Every structure is written in structure tokens, then in C-alpha cells.
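Trainee: below is the structure, and that's it, no one-letter string:
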């Protein structure tokens, strides 16, 4: 049953990642990969919220499988973040690559903490 929940969450998360990336990138004329940044930050917030709510007993472990592992696992993408950062360096945009790393880590962690705090209240 858990594998099915993960698959269902991923079936929603993967297309959402693709569509969100397209939308966000279309709004910016920049080398910065804002689409990947947006999905990773959003996923960090959602994962923090769900994980804290499960830990507090407000959500079942099944919710963690569906939303945390399935949805967030398919929505977020470390591999694309890595690839896009290396591509920026290769293309000579080292400062943008550094900004991508700093923003992604800093804002992503802050989003997870904020999500955790919300999940603790909800749980």
C-alpha cells in the first residue's frame, strides 16, 4: 500500500514540477534557474510541514509516504539543481551559479524550518 501512495504522490508531483518550471521560467529573462529554485523551495516547505505534522501525531505515516516521499520527491529536484549550477559555471556565469547555490540552500532550509513550525502547530 505504501508504494502505491508514493506512486500516486509522484504522479501529481512530477507534472507539477514540469509545469511550474515552465511557468516560472517564462516570467523571467534571466540565466538564474528560477523554476527549479521555486519547486525546491516549495517542496522544502511542504516536506517540513508534513514531516512535523506526522511527528506530532496530527498526520498518519501514510500522509508522509503520499505527500513527503511521493509528491515532494517528484516535485523537487536536486539533480536538476546540480546540473543547472554546473551549466552556469561552464557558461561563465560563476556569480549566478554561486547565487543559485547560496539562495537554494539558504531559502530552502528556511522554508523547511517555516514548514516544520507550521506542521508542529497543525499536528
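Mentor: It's in. What you are looking at is a predicted structure, and each value in this text was computed from that prediction instead of being measured.
Trainee: let me know whether residue 97 touches residue 90 as I believe.
Mentor: No: using C-beta atoms under 8 Å as the test, residue 97 is too far from residue 90 to be in contact (9.0 Å). In short, each C-beta sits where N, CA and C put it, glycine included.
Trainee: what is the end-to-end distance of stretch 50-68?
Mentor: 7 Å (C-alpha to C-alpha, to the nearest Å).
Trainee: could you list the buried residues of it?
Mentor: Residues of stretch 50-68 classed as buried by neighbour count (16 or more other C-beta atoms under 10 Å): 50, 51, 52, 53, 54, 59, 63, 64, 65, 66, 67, 68.
Trainee: export those to a markdown table and tack on secondary structure, distance to residue 7 and pLDDT?
Mentor: Shown next, in a markdown table, are the buried residues of stretch 50-68 (DSSP: H, G, I helix; E, B strand; the rest coil; distance: C-beta to C-beta, whole Å; pLDDT from 0 to 100):
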| residue | secondary structure | distance to residue 7 | pLDDT |
| --- | --- | --- | --- |
| 50 | helix | 17 | 97 |
| 51 | helix | 20 | 97 |
| 52 | helix | 24 | 97 |
| 53 | helix | 22 | 97 |
| 54 | helix | 19 | 96 |
| 59 | coil | 19 | 93 |
| 63 | helix | 15 | 95 |
| 64 | helix | 15 | 96 |
| 65 | helix | 10 | 97 |
| 66 | helix | 10 | 97 |
| 67 | helix | 13 | 97 |
| 68 | helix | 14 | 96 |
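Trainee: surely residue 89 and residue 97 touch.
Mentor: Yes: if you go by C-beta under 8 Å, residue 89 and residue 97 touch, sitting 4.7 Å apart.
Trainee: the two: which is more packed in?
Mentor: Taking other C-beta atoms under 10 Å, residue 89 and residue 97 do not tie; residue 97 has more neighbours (21 against 14).
Trainee: ok, the more buried one - contacts?
Mentor: Residue 97 makes contact with 85, 86, 88, 89, according to C-beta atoms under 8 Å, 6 or more residues apart in numbering.
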